[in-house]
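In: Below are the sequence and a predicted model for it; my questions follow.
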Amino acid sequence: MGWVGRNLKAHPVPTPLPWQGRLPANRGCSPSLGQDGVCRPPTPRGIARGSASGATGLPAPAPPFGFRSLKKAALLQSPRTMKLYQKLRTAVPRLVVSQEEDEEEEEEDVDAPTPTGHSRLAPWWVGSGLLLTAVLLSTVTVWVLRQVSGGWHGPAPPSQCHQVPESHRFDCYPERRVVVTQELCEGRGCCFVETPPAAGGERGVPWCFYPPDFPSYALQSLNQTALGMVGLLVRREKAYYPRDIEVLRLDVELETDTRLHVKITDAANPRYEVPLDVPRAEKRAENPIYSLDFSKDPFGLLLRRRDTGTVLLNTTVAPLIFADQFLQISTALPSRFLYGLGEHRSTLLHSLDWSTLTLWARDVSPTESFNLYGAHPFYLLLEEGGDAHGVFLLNSNAMEVALQPAPALTWRTIGGVLDFYIFLGPDPNTVIQQYQEVIGFPAMPPLWALGFHLCRWGYGSSNETWQTVRAMRNFQIPQDAQWNDIDYMDGYRDFTFDPQKFASLPSLVEDLHKHGQHYVMILDPGISSTSPRGSYWPFDEGLRRGLFINTTQGQPLIGQVWPGYTAFADFSNGDTRRWWLENLQRFHAHVPFDGVWIDMNEPSNFMDGSEEGCPPGELDSPPYTPAVLGDSLSAKTVCASAKQSASVHYNLHNLYGLMEAEATASALIQIRGKRPFVISRSTFPSQGRYSGHWLGDNRSQWKDMYYSIPGMLSFSLFGIPLVGADICGFSGSTSEELCTRWMQLGAFYPFSRNHNSQNEKAQDPTAFSPAARTAMKDVLLTRYSLLPFLYTLFHRAHLHGETVARPLFFEFPRDMATYGLDRQFLWGRSLLVTPVLEPGVDSVTGYFPRGVWYDFYTGSSVNSSGEMLKLPAPLEHLNLHLREGSILPTQKPGPTSEASRGNPLRLIVALSPGATAWGDLFWDDGESLDTFERGSYSYLVFNATENVLTSSVLHTSTKAASATIGTLSIYGVREPPHKVLLNGQEKPFSYLDNQVLTVSGLGLGLDQAFSLQWL
């Protein structure tokens, strides 16, 4: 039992946790113990050869997780503790580089003298010979019983169980719908201690939890490779799930200085792995900002941040379990500030009070505690002091993540492998960029995708849809895209439109295009299977080619969705993608749509499994089912045992929406030859490369409006910046006040769409009173004026993986007051949005981090010390503030993005107290493919310093340089200038008492560098 050291020359050996055993206090120690009070043996020689990073002389590791509350357990006078105590007398912790080196050390240990024990315990030892003999005999008996029972661990003695603090109790019996008795618990060899139930019937402290010495894997060997290390893990005692895998392979790759890749899989047999295109490291990181240690027996890894010594991962806190259909690994967390792990409806900052987050794509209206439409096994954690790191488990099987207040986290999945990427940041923004370097940067959307979108289920006809579009035009309310829900279809069948009610649909689309607008239609992956043979090409052709998900018997699995009985397209099959393209081409010839909304792609099924149910077996009824809604993997979806081209649905379910999005985006590129626009309900990591996301079928309630903010911000973390919620709510009837406030918030979703359900009153802006309609129009005009800024943010997301909408803590990670904020958000680093989220109020309270903030509309400033401020918020007003030191490109708004892009630009400069500011602008034709890659764009950088504003043209293209800069507004000019010079020529200007300087009528082309000076 010992530690396998990495990066530990002259570095104390990390402390084993209580379930690894403990050295008797002061045995062979100097009078001065280590900083954590633990006696450590001398560091073995030659450990530099096992270094993960080559660093030396790092500070001693932090105390092991939970050790301070548990270290007394090693001195308890119980037979079982005696066994551990005796075992440790000859198991001095040591470092292992390879299997051969480990064997040599074991030979040395055989003849090593036994150090003297603790003097206080010596009399007890002398007087306990008979007891010791009895303990040894009982140990042998237990060992024999375990072998006979196939690895049964036996009940843990109450003494060591009660010593485990409640917050550190890792659940040994996580099954739902089971009353865990002491007999069941001890049958797994675990501790059973009853605690008071949690309030409200929620799951609280587990009654059944792992004892300190529960068997796990041991690290048998560890060898250096070109990229890192490879090792073998061996389990000598079976765990309690069937088909334990006894020998595992450990691969550790130091891919970059800020990215570590750790993979654990079956050493003997291949297992399903997610078919995601990830980067492959070509050489080992030279100067990693992390160091890595390993515990040998039981196996565990401990990851530190080198400059602070913060322990980011510590998997020794609970045993590793790796059975065929149950994989579990736990880790301590360095703080409670945890984000991500979607898709769920919750606050942005997760609660660690015994909550479980399930990842299994499911069609259900967003509800707290339910697994929702997508699966994103990634979390970001803020450390004490403001550093940040992220962890991504590349696994697509049904999964749950258990959080507990220790703080600690447990991953449980029922298939695949444990394939972890760890991103060291060190700030939140760079963590997300590093994550997207693995999963892929998001696609650059067309400019029109950032305009306002309007939809509803229940227009009834194309003429009614057209009437809504005309009403929006009559009131000159900006709109870029009109959508239709499933009511445009003939019998709800894909690739059709109702020949009576939607006969004028092609004409509607033509009219939209004439006005610079676009059309988006909905598609579902369920293909109607009931039409007479030869009458519905999508099904007939898909059946002929064998392109549907099949049952275990090889026949198309039939479920039920909107058109009735349906088959489900198998997007893991390359031939299906070709068939999908052909269907879209055939429909586009009649209705030249511009974008596609892919819904119901979890995939959703109104039946559980299929019309015939699901067959018996361990795919549909696995040994362990995570806490999924409906308690079954097939609840409102297809059977997990269903066959797809790439694997069984059990493995591919969470990838279904991603695969459909990829097929749809590819088809749109081939059909239109322009950037695709796809919005998907179900998502998985890398989805941002192909689609955006809306947050699902919400309700017209105030709390739903609030929850849209943490939902939007979470998807920013997931690399899907084109995200928004149904403005004013999908189901239920909205009120004028709620819809006005929601339109104000929704105007600042990166993806902005108003959508509601059938049989509810209309909620588009034209449906309300003149006052409400004007408020909605004004906030949309504000959005359209900011399109150059928003478009530039998306360019930075596409190029670098930056976020568009982001939490305040991304920009202020040292300010703990921002950690839980999810009622405000930022666009980029510069624009603070503080919406009203409550009824009946005319003010709103928001947090302003330290610094100067300017009112977006007026330029008036407030100097905050980092405080909550109460702001006036009448119904017609949304509070927007600019951060000091920023420059925003804006534009005179028009009724569409196409109309707007021809208008002059206005730069808003928000000076810092030192009179500096920075900003940039990316501009192209707004729709062509790969404009950056082909060089068909303009890119400008703006700087202000010492009363001079300069524009630097870093790249220009004649096709992209048609816009001009007409106005400069400079906020925070403390003294009235005497004159203003543009490129040395004096210009007229205005200056207001609130320290705003404005220069107009400039007419500067984007291909022109300029310098403006105020004196």
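Out: Nice, I can see it.
In: Which residue ranges of the stretch 901-1015 of the chain form helices?
Out: Per DSSP state H, counting those that start in this stretch, the stretch 901-1015 of the chain carries helices over the ranges 931-934.
In: where in it is pLDDT low?
Out: Along the stretch 901-1015 of the chain, segments meeting pLDDT under 70 span 959-960.
In: which stretches of it form strands?
Out: Applying DSSP state E, counting those that start in this stretch to the stretch 901-1015 of the chain gives strands spanning 905-910, 917-923, 938-945, 948-955, 964-971, 980-982, 985-987, 990-991, 996-999, 1004-1005, 1010-1014.
In: V596 belongs to a helix?
Out: No. Under the criterion used here (DSSP: H, G, I helix; E, B strand; the rest coil), V596 is strand, not part of a helix.
In: these two touch, right, it and I669?
Out: No. Using CB atoms under 8 Å as the test, V596 is too far from I669 to be in contact (11.8 Å). All C-beta atoms are positioned from the backbone trio N, CA, C, and that covers glycine.
In: on that earlier part again, deepest-packed of the strands of the stretch 901-1015 of the chain, please.
Out: The highest mean neighbour count among the strands of the stretch 901-1015 of the chain, using mean count of other CB atoms under 10 Å, belongs to strand 905-910: a mean of 25.
In: who has more neighbours, V596 and I669?
Out: Legend: neighbour count by other CB atoms under 10 Å for V596 and I669, higher for V596 (23 against 14).
In: so who does the more buried one touch?
Out: V596 sits next to V520, M521, I522, L523, L584, T664, L668, F677, V678, I679 when contact means CB atoms under 8 Å, 6 or more residues apart in numbering.
In: do the same with L447
Out: L447 touches L787, Y791, S897, E898, R901, G926, E927, counting by CB under 8 Å, 6+ apart.
In: do you know how far it is from D924?
Out: Distance, L447 to D924, by CB to CB, to the nearest Å: 9 Å.
In: sorry, back to before: redo the strands of the stretch 901-1015 of the chain as CSV? Include distance to G828.
Out: Converted to CSV, these look like this (distance: least, CB to CB, whole Å):
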stretch, distance to G828
strand 905-910, 12
strand 917-923, 9
strand 938-945, 14
strand 948-955, 18
strand 964-971, 17
strand 980-982, 27
strand 985-987, 29
strand 990-991, 28
strand 996-999, 22
strand 1004-1005, 23
strand 1010-1014, 23
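In: Can you say which of those strands is nearest to F497?
Out: Closest approach to F497 among those is made by strand 917-923 (36.7 Å; CB to CB).
In: quick one: contacts of that closest one?
Out: Outside strand 917-923, the residues that reach it (CB under 8 Å, 6+ apart) are 788, 791-792, 795-796, 830, 884-889, 905, 907, 909-911, 932, 937-944, 949, 960-961, 963, 1006.
In: go again using 6 Å as the cut-off
Out: 792, 795, 885-887, 889, 909-911, 938-944, 960 (CB atoms under 6 Å, 6 or more residues apart in numbering).
In: what does stretch 334-347 give?
Out: 310-311, 350, 352, 357, 366, 368, 372-374, 376, 378-384, 401, 407, 707, 710, 714, 717, 819, 822.
In: List the buried residues in it.
Out: 334-347 (16 or more other CB atoms under 10 Å).
In: From the residues you listed, which land in helices?
Out: With helices taken from DSSP state H, there is no overlap with these.
In: For these, which two are the farthest from each other?
Out: With CB to CB as the measure, no two of the buried residues of stretch 334-347 lie farther apart than P334 and R345, at 26.6 Å.
In: circling back: a markdown table please, covering the contacts of L447 and showing distance to P279.
Out: Below are the contacts of L447 laid out as a markdown table (distance: CB to CB, whole Å):
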| residue | distance to P279 |
| --- | --- |
| L787 | 33 |
| Y791 | 27 |
| S897 | 34 |
| E898 | 37 |
| R901 | 35 |
| G926 | 30 |
| E927 | 29 |
